[in-house]
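S.K.: give me coordinates for this.
(chains A, B and C)
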Amino acid sequence: MGDLRKTFHVRDYDLDATLSSGQAFRWQQLGQAWEGVIGGRWVRLRLSKGDITAEAAKPVRDWAWLEHYLQLHFNLDQALATFPDDEPMQNAVASFPGLRLLRQDYWECLASFILSATKQIVQIRQMVMLLSKRYGEPIASNDDDPAFAFPTIKVIAACGEKELRECKLGFRAPNLLGAARDILDKKIDLQRLPTLTSSEARKELMKLHGVGPKIADCVLLFAGGHQEVFPVDVWIERALQQLYFPKRRPSAKQLRKFADTHFGPYAGFAQQYLFHHARVHLKLK
DNA sequence: CAGGTC
DNA sequence: CCTGG
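M.R.: Next up, the predicted model:
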């Protein structure tokens, strides 16, 4: 049959930091728990005393989807050991030692970051929620209201720009629509992305309407598991600038190069630590 | 003014 | 470029 609950023993897993760090936008904190949707499943997660307890709305036979999403088998120590031994990096790790990278669905991740342009995390969450409620499949949850899956490529592609704007997408509406239609028109093959190297996959993603280097890199890192990819946005630029170059002002190109050479094989992981640390603890301007 | 792109 | 915090 399967179970409605399952407990996973974890070490160094900061669920709060991980689910609120701006890599995924479907999680809502309710008291000590987090509720969210992964693919077509609603789930409630709770971390206590080294255990993550998951609660599902329907019996689950195989929890591999959740273990994969949360990357429970990832060897964090091994990744942390590759980080540069400098003060900013060590401080960032020390402030959230259990921060993790999730492994998300390609399309949902891609769509979410297309929507992220000049938006704060709260607003991105809002747009994703509106879209899901309006165009996603209803799915069972343990709350009074049903949850909603993220809308499929097909459903989004069939929308009009105007209706998408009603989900507060603004000028992002044509970008999301364009990307969905590009995929349906087979301009790129999402299924094939996992078989490509990160630079090949980046080139593919950037063929989509509304997808530039920043969004492509976020998808590579958060959906593709290319942990060496270091997305550079204005916040991480400011963080690098302040933490590593307090005296001079490197160009965007120089910062890009620094990001690509300084942080090693898990640069994307390092980026997540720097980003979250900076967002919570630093005053950036 | 805002976590980007055309 | 949209629009809201």
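S.K.: for the stretch 1-150 of chain A, what lies in contact range of DNA strand B?
M.R.: Where the stretch 1-150 of chain A comes near DNA strand B, counting by C-beta under 7 Å from any atom of the strand, the residues are A:Gly22, A:Ser116, A:Ala117, A:Thr118, A:Lys119, A:Gln120, A:Ile121. (Glycine included, C-beta is placed from N, CA and C.)
S.K.: go ahead and confirm the last one touches A:Phe25.
M.R.: Yes - here A:Ile121 lies in contact with A:Phe25, judged by C-beta atoms under 8 Å, at a distance of 7.2 Å.
S.K.: picking up where we left off before, and which of the residues of the stretch 1-150 of chain A next to DNA strand B is nearest to A:Tyr273?
M.R.: A:Gly22 (12.6 Å; C-beta to C-beta).
S.K.: returning to what we had before: pLDDT and secondary structure added to the residues of the stretch 1-150 of chain A next to DNA strand B, as JSON lines?
M.R.: As requested, those are arranged in JSON lines below (pLDDT from 0 to 100; DSSP: H, G, I helix; E, B strand; the rest coil):
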{"residue": "A:Gly22", "pLDDT": "94", "secondary structure": "coil"}
{"residue": "A:Ser116", "pLDDT": "96", "secondary structure": "coil"}
{"residue": "A:Ala117", "pLDDT": "96", "secondary structure": "coil"}
{"residue": "A:Thr118", "pLDDT": "95", "secondary structure": "coil"}
{"residue": "A:Lys119", "pLDDT": "94", "secondary structure": "coil"}
{"residue": "A:Gln120", "pLDDT": "92", "secondary structure": "coil"}
{"residue": "A:Ile121", "pLDDT": "92", "secondary structure": "helix"}
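S.K.: would you write a PyMOL line that selects the buried entries of the residues you listed?
M.R.: The following PyMOL selection, which keeps only the buried ones among those, applies the criterion 16 or more other C-beta atoms under 10 Å:
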select buried, chain A and resi 22+116+117+119
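S.K.: export only the CA atoms of stretch A:199-218, formatted as CSV.
M.R.: Output for stretch A:199-218, consisting of C-alpha atoms alone and laid out as CSV, is shown next (Å, rounded to 0.1, in the frame of the first residue of the first chain):
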residue,chain,number,x,y,z
SER,A,199,27.9,24.6,-21.3
GLU,A,200,26.0,22.7,-23.9
ALA,A,201,22.9,22.8,-21.8
ARG,A,202,23.3,26.5,-21.2
LYS,A,203,23.5,27.1,-24.9
GLU,A,204,20.3,25.1,-25.4
LEU,A,205,18.4,26.9,-22.7
MET,A,206,19.4,30.3,-24.0
LYS,A,207,17.7,29.6,-27.3
LEU,A,208,14.5,30.0,-25.5
HIS,A,209,12.7,33.4,-25.5
GLY,A,210,13.3,35.3,-22.3
VAL,A,211,16.2,33.1,-21.2
GLY,A,212,19.6,34.7,-20.7
PRO,A,213,22.7,33.6,-18.9
LYS,A,214,21.4,34.2,-15.4
ILE,A,215,18.2,32.2,-15.8
ALA,A,216,20.0,29.4,-17.7
ASP,A,217,22.6,29.1,-14.9
CYS,A,218,19.8,28.9,-12.3
